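*Asks:* let's see this in three dimensions:
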Amino acid sequence: MTEREAVLRWDGEWAHPSVHATGPWDDAAQHGGVPAALSVAVAEAAAEGWEGDWSLRRLSLELPKPVPMQPLRVTQAISGGRSVKRVRVTLHDAAGSEVASALLLMQRRADSGMPAFGQVPAAPPVPSAEACTTRVRFGGMPDRPAFHTTGMHIRLADGDSEQPGPATAWFRAERPLVSGRAPSATMLACAASDFGNGLSWETPFADTIFVNSDLTVFLERPPEGDWLGVAARTRVARDGSGMAQSQLFDHRGHCGEAFQNLLVFARPKR
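*Replies:* Down below sits the predicted model:
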């Protein structure tokens, strides 16, 4: 996979998007899954220098404005102790304006000496990724090089992505998400989580815009494998507010959940 052009090129200070980072709403803006994946890459790179085995438990991504398709300066700040650390990743445009920020809660993994307890939610009863063959089409979104077409390989597992309502799909990175780093299953999970509102759309793309101002991902355990499942549903109120909720799963079963606050409004007439 590494010989293919990456979604992002990150040199440790600047992140340079390729065309495969483009979002569905505007050719000049990135898909929200791209800064999500980058933030995880920054945290995982930092954790390589820490003692012990660390994993992401929560990603809280704020998207105050469209993330532009231009080089972004990446800064990070780390706080915490021996068992829990917080990594704050901030993206700035060339003018110095903050365009996205993420807080990643990293937890050290160790055998507690206690038996597991509590009931893990069942994963959706859908075919395996290998058994699914229908590529997802997102309700009229443009079919051009972009994160949802050439950045990710997405196979429908349940529902109909061209009709409104809940849907389930398997996601795999079509190419490296961040140059120089293999796309970890955690990077894939956070990137795929930002597709919940597009996968389970309730309002037509041709008539409305339904964008998320944030993304929160909770992982009960590190996901595994090349494929990540997302079972999504969206709710929209009359005042234009909405929420997309997604269950995350891999070949072993349930591994986490994701939430997106939505703003829904009529598409301006051209």
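
*Asks:* in stretch 216-235, which residues are buried?
*Replies:* Neighbour-count burial for stretch 216-235, counted by 16 or more other C-beta atoms under 10 Å, picks out 216-219, 222-223, 226-234. Heads up, the C-betas are built off the backbone N, CA and C, glycines and all.

*Asks:* that stretch - what's its average pLDDT?
*Replies:* Per-residue pLDDT over stretch 216-235 has a mean of 97.

*Asks:* returning to what we had before: closest one of the buried residues of stretch 216-235 to residue 34?
*Replies:* residue 217 (14.4 Å; C-beta to C-beta).

*Asks:* roughly how far does residue 244 sit from residue 234?
*Replies:* 5 Å (C-beta to C-beta, to the nearest Å).

*Asks:* what touches both of those two?
*Replies:* Common neighbours of residue 244 and residue 234 (criterion: C-beta atoms under 8 Å, 6 or more residues apart in numbering): 196, 197, 200, 262.

*Asks:* give me the beta-bridge partners of the closest residue to the third one other than its chain neighbours?
*Replies:* Leaving out its chain neighbours, the residue that sits closest to residue 200 by C-beta to C-beta, 6 or more residues apart in numbering is residue 232, at 3.9 Å. Note on residue 232: beta-bridge partners residue 167, residue 246, judged by DSSP bridges.

*Asks:* so residue 232 touches residue 168, yeah?
*Replies:* Yes. Assessed by C-beta atoms under 8 Å, residue 232 is found in contact with residue 168 at 7.3 Å.

*Asks:* intersection of neighbour lists for those two?
*Replies:* residue 199.

*Asks:* quick one: mean pLDDT over stretch 147-163.
*Replies:* Rounded mean pLDDT across stretch 147-163 is 94.

*Asks:* do the same with stretch 247-256
*Replies:* On average, stretch 247-256 scores 98.

*Asks:* not counting that stretch itself, show me its contacts.
*Replies:* 120-124, 128-129, 185, 189, 192-193, 217-225, 227-232, 257-258.

*Asks:* just these: which are in helices?
*Replies:* 185, 189, 192, 193 (DSSP state H).

*Asks:* now do the helices in the protein.
*Replies:* Along the chain, the segments classed as helices by DSSP H run 33-47, 185-193, 196-199.

*Asks:* quick one: furthest residue from the center of the chain?
*Replies:* Relative to the centre of the chain, and counting by C-alpha atoms, centre = their mean, the farthest-placed residue is residue 113 at 32.9 Å.

*Asks:* can you check the pLDDT for it?
*Replies:* With respect to pLDDT, residue 113 has a value of 74.

*Asks:* do you know how far it is from residue 57?
*Replies:* Distance from residue 113 to residue 57, by C-beta to C-beta: 20 Å.
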